[in-house]
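Undergrad: have a look at this prediction, sequence included:
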Amino acid sequence: MSKAGRLVVLVSGSGTNLQALLDASADPAYGAEVVAVGADRDGIEGLARAARVGVPTFVERLGDHPTRAEWDEAIAARIASYEPDLVVSAGFMKILGAPTLGAHPVLNTHPALLPSFPGAHGVRDALAYGVKVTGCTVMLADAGVDSGPIIAQEAVPVLPGDDEAVLHERIKVVERRLLVEIVGRMAREGWTVSGRTVRIGKETGEESK
Ligand code: GRF
């Protein structure tokens with residue numbers, strides 16, 4: 001059974017999901033704490049949010065490394081130096097490579113109901129398709145694009161007149177709450193993975209009946 005007490009959170013932008021985790025972890029009863037925040041670019045609000053509460057930050061820019069493989073190694077080393085139980089990719093706009101994925105469990109959040117609309121434009125793609133319901137997904141990351149085992153999902157309605165920004169904000173309200181809930185439960189109760197099934201705590205399947 002894995003635990004999730006020490007979190008390294010990765011961000012690329014505004015970091016409101018990170019903020020939700022920082023706020024939740026201010027209560028020791030939450031069971032997890034953000035021990036570092038990493039980014040693939042400088043000057044983003046996500047890094048400022050961490051700095052304001054005294055959480056260490058690091059930046060590994062892809063362009064500063066001769067190859068993608070070297071960036072993969074560099075960011076994995078940065079992450080590993082904080083000895084996380086769980087890495088949370090919260091609006092981090094890069095696919096993590098084998099050096100990170102092989103060293104720690106990585107949680108990811110996506111603003112659509114996977115397997116529909118994976119990738120960097122999940123909200124835009126759902127809107128363009130004309131779905132009436134979309135939502136958010138919290139999953140474990142694997143080597144693919146938003147293809148890892150799903151842990152939790154919640155639906156969000158698409159309303160007449162929505163544009164990408166309005167719909168994304170409505171999804172993010174739900175996404176932040178779901179991410180905080182799932183990370184907290186994983187930290188407090190532990191979790192196991194079997195194939196594509198992630199079970200948190202005593203959420204056991206047939207074997208417990
Ligand atoms: C979230 O909707 C995340 O799923 C997506 O980008 C957004 C990041 O928001 N990939 P924030 O930086 O946490 O505010």
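TA: Thanks, I have it. On a predicted model such as this, the values are computed, not experimentally measured, just so you know.
Undergrad: how many residues are close by the residue in the chain that the ligand sits nearest to?
TA: Nearest residue of the chain to the ligand, counting by Cβ to the nearest ligand atom: residue 91, 2.6 Å away. In this view, the C-beta of every residue, glycine as well, is placed from N, C-alpha and C. Residue 91 has 24 neighbouring residues, counting by other Cβ atoms under 10 Å.
Undergrad: now do the one 10 residues further on
TA: Residue crowding around residue 101 was assessed by other Cβ under 10 Å; the count is 19.
Undergrad: list the contacts of it.
TA: 141, 142, 143 (Cβ atoms under 8 Å, 6 or more residues apart in numbering).
Undergrad: what's the first helix or strand after the biggest helix by length in the chain?
TA: For the chain, the helix with the greatest residue count under DSSP state H is helix 164-189. As assigned by DSSP states H and E, the chain's next helix or strand after helix 164-189 is strand 191-194.
Undergrad: show me which positions of the helix or strand just after that next one end up buried.
TA: Note on strand 191-194: by DSSP H and E, the next helix or strand toward the C-terminus is strand 197-200. The neighbour-count check on strand 197-200 (16 or more other Cβ atoms under 10 Å) flags 198, 199, 200 as buried.
Undergrad: please list the residues of the protein that sit near the ligand.
TA: 11, 13-18, 46, 90-91, 109-111, 172, 175 (Cβ under 6 Å from any ligand atom).
Undergrad: out of these, list just those in helices.
TA: Among these, the members found in helices (DSSP H) are 16, 17, 18, 46, 172, 175.
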